[in-house]
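> Quick one: sequence and predicted model below, then my questions.
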Amino acid sequence: MFTLFPGMFGGVLGESIIGRAMAHDRLEVRLHNFREHATDRHHTVDDYPYGGGPGMVLKPESLFTAVEAALGTPPSCPVILLTPQGKPFQQKDAERLAQFPAFALLCGHYGGVDERIRQHLATEELSIGDYVLTGGELAAMVVMDAVARLIPGVLGSEESPASDSHTTGLLQYPLYTRPPEFRGWSVPEVLLSGNHQAIARWRRRQALLRTREKRPDLLVKADLTEEDRRFLNEQEP
Ligand code: 6GU
């Protein structure tokens, strides 16, 4: 991570699954505050845009120097700029990035970054959605978390990513745990039946219905069997 605000990462890196993976050396995250590479007396990292206009622009020098000091010239790993102009980050990007031994995330701030950072330092640009954040840090944490949980040993065996929503292309089926009745609301009978084939069929069908209801865009791209299609057609309102 190359950021002006390394303190923002403390909570995320110290807690829960990511914290455990870091403590067990299954994941390493290096935080680089590139302000430390600014050479002027005030450690300036931003400046006014040429041609005028609102907002400040992140200067190229200290970010280039910080990345090259950490990763060499040119860096041999992906260098990803987080920006609302980037390609929308998807599960397939997380799966792709999880294959690399390392990658760098560059967090922009202020009104934007000098175009030479995009053109000559970043190897790709990612956005986490169509809304604007104050900086790339939260987006970098989202990308880091989504990739980290795909690295072998980061999730426990109880937390397998194979059945994730977005890995299967469908939303996850409904989950229930004890008690079997809570405030008069019962767990679906089939889940208590012990019939694993019936449970698997129910879950698949619930995932199909739920995806059609909430994310019809995903259903179009999902890998459906003849049986899936038949079921959905029968359920048509
Ligand atoms: Cl990567 N950065 C910022 N500043 N805002 C965003 C974003 C990134 N992705 C969505 N909104």
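That came in fine, so what should we check first?

> count of residues packed around residue 69?
Per other Cβ atoms under 10 Å, the neighbour tally for residue 69 reads 13. No exception for glycine: its C-beta is placed from N, CA and C like everyone else's.

> whoops, residue 174 was the one
Residue 174: 14 surrounding residues under other Cβ under 10 Å.

> my read: it touches residue 206, true?
Yes - shown here, residue 174 and residue 206 form a contact pair, counting by Cβ atoms under 8 Å, at 5.6 Å.

> how close does residue 54 get to residue 85?
Distance of residue 54 to residue 85, computed by Cβ to Cβ, to the nearest Å: 17 Å.

> Just want to know which of these two has more residues nearby.
Higher neighbour count among residue 54 and residue 85: residue 85, with 12 against 7, using other Cβ under 10 Å.

> correct me, but the more buried one touches residue 124?
No - counting by Cβ under 8 Å, residue 85 stays clear of residue 124, with 11.6 Å between them.

> OK, contacts around the residue nearest the centre of the chain?
Among the residues of the chain, the one closest to the centroid is residue 143, at 3.1 Å (Cα atoms, centre = their mean). Residue 143 makes contact with 80, 82, 89, 93-94, 97, 105, 126, 128, according to Cβ atoms under 8 Å, 6 or more residues apart in numbering.

> Look up phi and psi at it.
Main-chain torsions, residue 143, degrees, to the nearest 10: phi -60, psi -50.

> same thing with residue 113?
The phi and psi values for residue 113, taken as degrees, to the nearest 10, are phi -120, psi 150.

> what's the answer for the one 4 residues further on, then?
Backbone torsions for residue 117, taken as degrees, to the nearest 10, come to phi -70, psi -50.

> How much space separates it from residue 185?
From residue 117 over to residue 185 the distance is 53 Å, taken as Cβ to Cβ.

> Residue 19 too?
34 Å.

> More neighbours: which of the two?
For residue 19 versus residue 185, the count of surrounding residues by other Cβ under 10 Å is larger for residue 19: 14 against 8.

> hmm, who's touching whichever helix in the chain runs longest?
Counting residues, the longest helix in the chain under DSSP state H turns out to be helix 196-214. Helix 196-214 is contacted by residues 168, 170-174, 188, 190-191, 193, 218-219, 222, 224, 228, 231-232, 235 when judged by Cβ under 8 Å, 6+ apart.
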